[in-house]
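*Asks:* fold the following for me, if possible:
(4 chains)
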Number of protein chains: 2
Amino acid sequence: MARIKDVAAQAGVSVATVSRVLNDNPSVTEETRNRVHDAMAALNYRPNAVARSLRTEATRTLGLIIGDILNPFFAELARAVEDEAREAGYTVVIGNADERADQQDHYVRTLMEQRVDGLIICPTAEVTPLVEEVSKGQRPLVFLDRTLHGIDVPSVRADGGTAIAELVAHLRALGHRRIAFVSGPGTLSTGRERTAAFLRAAADHGLQVPEEYVRVGDFRAGSGQRITAELLDLPEPPQAIFLGDNLMALGALDEIRRRGLDIPGDVAVASFDDVPWFNHIQPRITAISQPTAELGRRAVRVILDALAGRTATSVVLPAALVVRESCGEARPATKARRSDGRRKEAGS
Amino acid sequence: MARIKDVAAQAGVSVATVSRVLNDNPSVTEETRNRVHDAMAALNYRPNAVARSLRTEATRTLGLIIGDILNPFFAELARAVEDEAREAGYTVVIGNADERADQQDHYVRTLMEQRVDGLIICPTAEVTPLVEEVSKGQRPLVFLDRTLHGIDVPSVRADGGTAIAELVAHLRALGHRRIAFVSGPGTLSTGRERTAAFLRAAADHGLQVPEEYVRVGDFRAGSGQRITAELLDLPEPPQAIFLGDNLMALGALDEIRRRGLDIPGDVAVASFDDVPWFNHIQPRITAISQPTAELGRRAVRVILDALAGRTATSVVLPAALVVRESCGEARPATKARRSDGRRKEAGS
DNA sequence: GACCTCCATGTAATCGGTTTCATGAGGGTA
DNA sequence: TACCCTCATGAAACCGATTACATGGAGGTC
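*Replies:* Model (predicted):
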């Protein structure tokens, strides 16, 4: 592979001049610049980012550690982070923690060794010694989606409190009194906060929430299915089940379908996280939608702020309730309307 | 950040010795090794992978360029690639081409500059000059999922030919004669091959496929919706629509639902790519399933083979038809055989 | 013509590791 | 005691860029 030295020889200049051309240094003559460009083209020269990074102590690379790349929420987050970073001239290295603390730490270690300029973490567990050490270091760090307790790092996340309250009101208005909630792990802020918001909203509506209606899943489909089965097997099963994320909702739908139950006739379903296919199935799933892409972009901007020496501050964006049909007919009068979508002559 | 020199001073040895400890060189005394380890711990030393890579000319990093990270197929592919690479001690840098040739080239360029040890590309378009140049270079390269014409690079992909033939037979057996196919762009091998396989199978069954039943989409939801609308608006609309990937199927379902049509009563639907939610909606979608994770793992192994000096050979794995209910009741006669999963009393 | 300024370019140090080769201590043997 | 061998360790070159500083030629001023 051609090196800067080869280009210099080919163009009849010094390596310093080639470097200046590479970095758009204005003090290079038009004519010299052309000669260098010709030489680079002739040799198929590709600058070595490794060598450059060693000298400049900057890699123009950001690290992103997500919980689970198969979760569409994180996929969208990753995409937004990458888009925003690319526009700023940064490359993103994605690490998939697979919701495991050890794998999260593996990526923290690897990315630190790679000397990423900044690190965005969607934490998968409680504070680990490694994360704590990194948080005290000088490298910009931001938590995305989830925060960790007792650690002073800016975070970017959505607040679902208001939307959860709206959802409980919605369920209540439809006549549901027995509502179950499947949260994420208590070690994760998103698990704790959503549970707290749910219980508060239920209390506000004078609803009794028996202990067995508040369950802890792991943000994977399997736990959603298992817990839904347990809930439906209770002597007094809930009328509505609210799942803490889209994958657990997938599992729940599966279990409900397996039992041949009707949604929302036999049991109402709502989910945190809105994903495309929620809108494409029958009935469409009522969900709490997070401003996912915006969260990703803001996280990058927090990092870029820190790199530019500006103070980085946490960001909280609101989540929003998207009412569809999986909790019941929001409008008793609409029944007629829905069925005429089937008339042949109604073709648009 | 502590450097190897600091560790050496702290431990009272030379940098060479510290380097030996880092690389598990056996010729270091137990006692010296301990002193060095203590020094590293005391200084919170993290080796600088950038410096190491410069000297060793190896980054232990693989580049992966996928078509669209929001497409669950590519997400699963990425996850498999990453898992396999991590086990071999490699980090993966994912580039999201967003199905655009210019963005694909952006990542090819960036990853080459970063000196990844090998590159896995799911090509998004015809051969670009840059890709051609890279293919002639010495760096291991493999095409995943899709191949490019006239370029000598090993590839790892699934062959859907047999499964497509089975699907056509399945549709035929259910009485469908007017079958439409929405393929991917003709510039992509997956688009061309699937179209050819479909036409061949149709011919084998003596089916006439009018020109307007063979459409070209772009592997995104929008085109699936638009083309489905056009197909349904034909004077003689198809009885079955076969979508070339899961995102276009999403768009198709949306359009069919919007018109209030029944699946499979009014129109049958099948898709290439099987994704989790196909199995969770009503009716469940009949699809052709690719061995996605295995494809990803094999691509990594091809790269590792090349890096180890072994000759890398292309891999083709079969795709499989997964019959569900979206094309119609599958069993007048097969009832006994296929229904075993569904019998109420057979509940697992 | 002497002197100064400006500016394009070159020389060489540097980033933090790895690796080749030299070195010297220690032990074994005659 | 002299010699050799083994082996743990150190000194220094090197990877390919960037950049502080040096240099020298052109042009301007008196």
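
*Asks:* residues contacting the closest residue to A:G328 other than its chain neighbours?
*Replies:* Leaving aside its chain neighbours, A:G328 sits nearest to A:L174 (4.1 Å; criterion: C-beta to C-beta, 6 or more residues apart in numbering or on different chains). Every C-beta, even on glycine, is put in place using the N, C-alpha and C of the backbone. By C-beta atoms under 8 Å, 6 or more residues apart in numbering or on different chains, the contact list for A:L174 reads A:268, A:327-330.

*Asks:* out of the residues you listed, which is most surrounded?
*Replies:* A:C327 (27 neighbours; other C-beta atoms under 10 Å in any protein chain shown).

*Asks:* still on that earlier bit, what about the contacts of A:L174, which are in strands?
*Replies:* Within the contacts of A:L174, residues falling in strands by DSSP state E are A:A268.

*Asks:* in JSON lines: the contacts of A:L174, plus distance to B:R55.
*Replies:* Compiled in JSON lines, the contacts of A:L174 are given as follows (distance: C-beta to C-beta, whole Å):
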{"residue": "A:A268", "distance to B:R55": "62"}
{"residue": "A:C327", "distance to B:R55": "61"}
{"residue": "A:G328", "distance to B:R55": "66"}
{"residue": "A:E329", "distance to B:R55": "68"}
{"residue": "A:A330", "distance to B:R55": "65"}
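
*Asks:* now, which of the contacts of A:L174 lie within helices?
*Replies:* Judged by DSSP state H, helices contain none of these.

*Asks:* please name the nearest non-neighbouring residue to A:P291.
*Replies:* Leaving aside its sequence neighbours, A:P291 sits nearest to A:L317 (C-beta to C-beta, 6+ apart; 4.9 Å).

*Asks:* the one you found in helix, strand or coil?
*Replies:* With DSSP: H, G, I helix; E, B strand; the rest coil as the basis, the three-state label of A:L317 is strand.

*Asks:* so it bridges to which residues?
*Replies:* With DSSP bridges as the criterion, A:L317 is bridged to A:A158.

*Asks:* surely it meets A:L295?
*Replies:* Yes. Counting by C-beta atoms under 8 Å, A:L317 does reach A:L295; the two are 6.4 Å apart.

*Asks:* which one of these two is surrounded by more residues?
*Replies:* Neighbour totals were compared for A:L317 and A:L295, and A:L295 leads with 24 against 15 (other C-beta under 10 Å).

*Asks:* per-residue confidence at the residue nearest to A:P291?
*Replies:* On the pLDDT scale, A:L317 is placed at 97.

*Asks:* quick one: contacts for it?
*Replies:* A:156-159, A:290-291, A:294-295, A:298.

*Asks:* go again with 7 Å.
*Replies:* By C-beta atoms under 7 Å, 6 or more residues apart in numbering or on different chains, the contact set of A:L317 is A:158, A:291, A:294-295.

*Asks:* ok, A:M248 next?
*Replies:* A:182, A:217, A:219, A:221, A:223-224.

*Asks:* now do A:A270
*Replies:* By C-beta under 7 Å, 6+ apart, the contact list for A:A270 reads A:167, A:240, A:242, A:286-287, A:326-327.

*Asks:* closest one of those residues to B:S189?
*Replies:* Closest approach between those and B:S189, by C-beta to C-beta: A:A287, at 37.1 Å.

*Asks:* element containing that closest one?
*Replies:* strand A:286-289 (DSSP states H and E).

*Asks:* neighbouring strands of that strand in the sheet, and parallel or not?
*Replies:* According to DSSP bridges, strand A:286-289 forms sheet pairs with strand A:268-272 (parallel), strand A:320-322 (antiparallel).

*Asks:* show the average pLDDT along that strand.
*Replies:* Strand A:286-289 comes out at a mean pLDDT of 97.

*Asks:* so how far is it off the chain centroid?
*Replies:* In terms of C-alpha atoms, centre = their mean, to the nearest Å, the centre of strand A:286-289 is found 15 Å from the chain centre.

*Asks:* contacts for it next, please.
*Replies:* Under C-beta under 7 Å, 6+ apart, the answer for strand A:286-289 is A:160, A:163-164, A:167, A:270-274, A:278, A:319-324, A:326-327.

*Asks:* can you name the element that comes right after that strand?
*Replies:* Using DSSP H and E, the first helix or strand after strand A:286-289 is helix A:292-307.

*Asks:* buried stuff in that next one?
*Replies:* A:292, A:295-307 (16 or more other C-beta atoms under 10 Å in any protein chain shown).

*Asks:* so can I have JSON lines of the residues you listed showing distance to chain B?
*Replies:* Listed next are the buried residues of helix A:292-307 as JSON lines, based on distance: C-beta to the nearest C-beta, whole Å:
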{"residue": "A:T292", "distance to chain B": "11"}
{"residue": "A:L295", "distance to chain B": "15"}
{"residue": "A:G296", "distance to chain B": "12"}
{"residue": "A:R297", "distance to chain B": "15"}
{"residue": "A:R298", "distance to chain B": "19"}
{"residue": "A:A299", "distance to chain B": "16"}
{"residue": "A:V300", "distance to chain B": "14"}
{"residue": "A:R301", "distance to chain B": "19"}
{"residue": "A:V302", "distance to chain B": "21"}
{"residue": "A:I303", "distance to chain B": "17"}
{"residue": "A:L304", "distance to chain B": "18"}
{"residue": "A:D305", "distance to chain B": "22"}
{"residue": "A:A306", "distance to chain B": "17"}
{"residue": "A:L307", "distance to chain B": "16"}
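
*Asks:* B:K136: which of these is nearest?
*Replies:* Distances from B:K136 to those, taken by C-beta to C-beta, are shortest for A:V300, at 35.5 Å.

*Asks:* thinking again about what came up before, would you format the contacts of A:L174 as TSV with distance to B:G191 and pLDDT included?
*Replies:* Formatted as TSV, those follow (distance: C-beta to C-beta, whole Å; pLDDT from 0 to 100):
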residue	distance to B:G191	pLDDT
A:A268	42	96
A:C327	41	95
A:G328	43	89
A:E329	43	74
A:A330	42	50
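
*Asks:* around DNA strand D, which positions in chain A sit nearby?
*Replies:* A:1, A:3-5, A:15-16, A:18-20, A:22-23, A:45, A:47-48, A:51-52, A:54-56 (C-beta under 7 Å from any atom of the strand).
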